[in-house]
Structures are given as structure tokens and as C-alpha cells.
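1. What follows is a predicted protein model with its sequence.
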Amino acid sequence: MGIFGYSKPDVNKLKEKGNIRGLIKALKFQKDPYIRWKAAEALGELKVMKAVPYLIEALKDDEPRVRKSSAKALGLIKSPRAVDSLLPLLKDGMWQVRSEVAEALGRIGDKKAVPWLIEALKDKNKFVQGKVAEALGRIGDIDAVDFLIKALKDKHPDVKWKIAESLSKMGKSAILKYREILKKEESPDVKWGLIRAIGEMRDKESYGIVVKFLDDKDETVREQAAEAIGKMKDKRAVEKLIELLKDSEWSVRKAAVEALGRIGEKSAIQPISEALEKETSEDVKVSMRRIIDILKKQ
């Protein structure tokens, strides 16, 4: 029998045929949550705008997988109509649902979600925290910056990367704030995150501030400062980066040589070659040889 009878709807066939009416019917198939889950998934992949009210209703489903796939579908469709219904699910009992809801809100990009997402940065699950940070970066609301910076201090390393990435998407108006904070900030995590954001923005005007962190006592900050300056391609840093080829931490030495490669200063060939003879890290040696070859060809 068909989808209106007793047999299960074949969601794959309905999707292949573009049978939107059939997929919407399958989304209501109460006898099997798997069918509802796959129907929501298909409607999202097909970006069916007319399915939005039905997907919003499916956010109330007892089955977490259905709520999750419905949230994902609404995010792919990017319907602003769904925002008010998605927001409460940032407190869903299943972290997988909360994570998908955060991503959906980021895709939709409605600033109405920002206060809810800021609160969700406190979520106990690191995967949710990461998705929330990504969503805030996608929306790009400057009001979220202070909260993202604060979150750098107490999050899992994977989440800190997501936060730094989001900070780099906040636009030029955020850079002045980053510079002012860096002038007085003591937390290595905050310094690392803001320097990374500035580097991703390729903001050469921040060179004077970032270069000072090549002498920071924390190796992760020195490493990030070297990487950021490399992305700025500022030749004023060449001498200082050459000094870092003798740093006690291999990760800093590697970042320094990679930065010299990005800057493209041929005068660095000789000091890199000399440092190569004394280098103990095989990983750094590989980078040094590669950068020497690159510089010689320029």
C-alpha cells in the first residue's frame, strides 16, 4: 500500500522523485521515528520552504533524532520563521539536539538568537560550546565579543579554537577592542585567542602590538604571535623571527620558520640553514628544509 496506507513510506524513493507532499506526510508517520527522522533530513537537503511549518512542529517530537534532524533541516532552509521555535531547544535534554540547534541558528543568522547563544556558551558539553561559538561567529554580532573573550579562559582547547575563529569573523570594528585588551591582558588563553583572530584578519595595523608577544613567557602565545605575523607578511619582523629559531620550544621554532616562509624574505635562508644544523625536532627540520627551498625559488 502507499504512504496513506499501512506500509512504511520509502523516504529514499520519495526524495529521489522530489515528492514533497509524500515527504511531509512521512514526517508525520507516528509508527516509526526513523521514518520521521529521515523525512526531516530529506526535506532539509531539498531545502523545501513549504515544509517549514511542519518541521517546526516536528521540533516537539518525543524522539531526539527527529528533533535533531528537523533543526538541521530548518538551518539548511535558513527560514527566519523557525528561530522562535528553535531557541528553547538550546536547553533540550539531549546535547546532540542542542548542538544541531546552535548550528541551525548560526546558518539562519538572525541576531535575535545572540542572547540565547551567549547564554548557551555556558553549556556543559564541549561539542555544544563549539557549535555555539561557531554560530556566534556566523551571525557576527559585536555584542557577543566580550562573552566570547571571557569564554576563552575556561573552555576545552577544541572550543577555544572555535572561539578564536569566531572572533576573527567579527569584522574590523572588533579589532580596536582586541588591541586594547591585549595591552593589559594577562591570561595566556585570551592573548592566544585574540592574536589568532588578528592574524586570521591579516590586520597589519596590529603589527606593533602583536610583535611584542614574540617575547611572551607563554610558548603558545609566542607561537601564535609568530603565526599571526607570518599571515600579515610584515618584513619588519624578520630579524625577530630569526631569533625565535633558537626558542626552547619546538612549536615556536616551527611557527617562526613558517612565518619567514610566508613573508618571503631571502635574507632568512642563511640563518634558517644554520639553525637547521642544530635543530633536534624532525618536524621542525622538515619545515626548515621546505621553507629554504621555497625562498630559494623566489
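-> That came through fine. Residues are numbered from 1 along each chain as shown.
2. Please, which helix or strand holds the spatially most central residue of the chain?
-> Residue closest to the mean C-alpha point of the chain, counted by CA atoms, centre = their mean, is K162 at 3.9 Å. Using DSSP states H and E, K162 maps to helix 157-167.
3. Mind giving me the packing neighbours of that helix?
-> For helix 157-167, the packing partners by 3 or more CB pairs under 8 Å, 6 or more residues apart in numbering; DSSP states H and E come out as helix 126-139, helix 145-151, helix 188-201. All C-beta atoms are positioned from the backbone trio N, CA, C, and that covers glycine.
4. now the angle from that helix to helix 126-139?
-> With axes from the mean of the first three to the mean of the last three CA atoms, to 10 degrees applied, the angle from helix 157-167 to helix 126-139 works out at 10 degrees.
5. could you measure K50 against I24, distance?
-> Here the criterion is CB to CB, to the nearest Å. By it, K50 lies 8 Å from I24.
6. now the helices for the stretch 151-298 of the chain?
-> Secondary structure of the stretch 151-298 of the chain by DSSP state H, counting those that start in this stretch: the helices cover 157-167, 175-182, 188-201, 207-210, 219-232, 238-243, 250-263, 269-278, 282-297.
7. Out of these, which gets nearest to R81?
-> The closest of these to R81 is helix 157-167. By CB to CB, the value is 25.3 Å.
8. what comes up buried for the closest one?
-> Buried residues in helix 157-167, counted by 16 or more other CB atoms under 10 Å: 159-167.
9. before we move on, the earlier item: switch the helices and strands packed on helix 157-167 over to a markdown table; also include mean pLDDT.
-> Compiled in a markdown table, the helices and strands packed on helix 157-167 are given as follows (pLDDT from 0 to 100):
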| stretch | mean pLDDT |
| --- | --- |
| helix 126-139 | 95 |
| helix 145-151 | 93 |
| helix 188-201 | 96 |
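10. Save those as JSON lines, and put in mean neighbour count and distance to K235 too.
-> Conversion of those to JSON lines gives the following (neighbours: other CB atoms under 10 Å; distance: least, CB to CB, whole Å):
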{"stretch": "helix 126-139", "mean neighbour count": "24", "distance to K235": "31"}
{"stretch": "helix 145-151", "mean neighbour count": "20", "distance to K235": "30"}
{"stretch": "helix 188-201", "mean neighbour count": "24", "distance to K235": "16"}
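11. doesn't D146 make contact with I118?
-> No: counting by CB atoms under 8 Å, I118 sits too far from D146 to count as a contact (9.3 Å).
12. ok so, going back, pretty sure the residue nearest to the centre of the chain contacts E134?
-> Yes: using CB under 8 Å as the test, K162 is close enough to E134 to be in contact (5.6 Å).
13. picking up where we left off before, with distance to K124 as new columns, can the helices of the stretch 151-298 of the chain be given to me in JSON lines?
-> Conversion of the helices of the stretch 151-298 of the chain to JSON lines gives the following (distance: least, CB to CB, whole Å):
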{"stretch": "helix 157-167", "distance to K124": "12"}
{"stretch": "helix 175-182", "distance to K124": "27"}
{"stretch": "helix 188-201", "distance to K124": "19"}
{"stretch": "helix 207-210", "distance to K124": "34"}
{"stretch": "helix 219-232", "distance to K124": "25"}
{"stretch": "helix 238-243", "distance to K124": "41"}
{"stretch": "helix 250-263", "distance to K124": "30"}
{"stretch": "helix 269-278", "distance to K124": "45"}
{"stretch": "helix 282-297", "distance to K124": "35"}
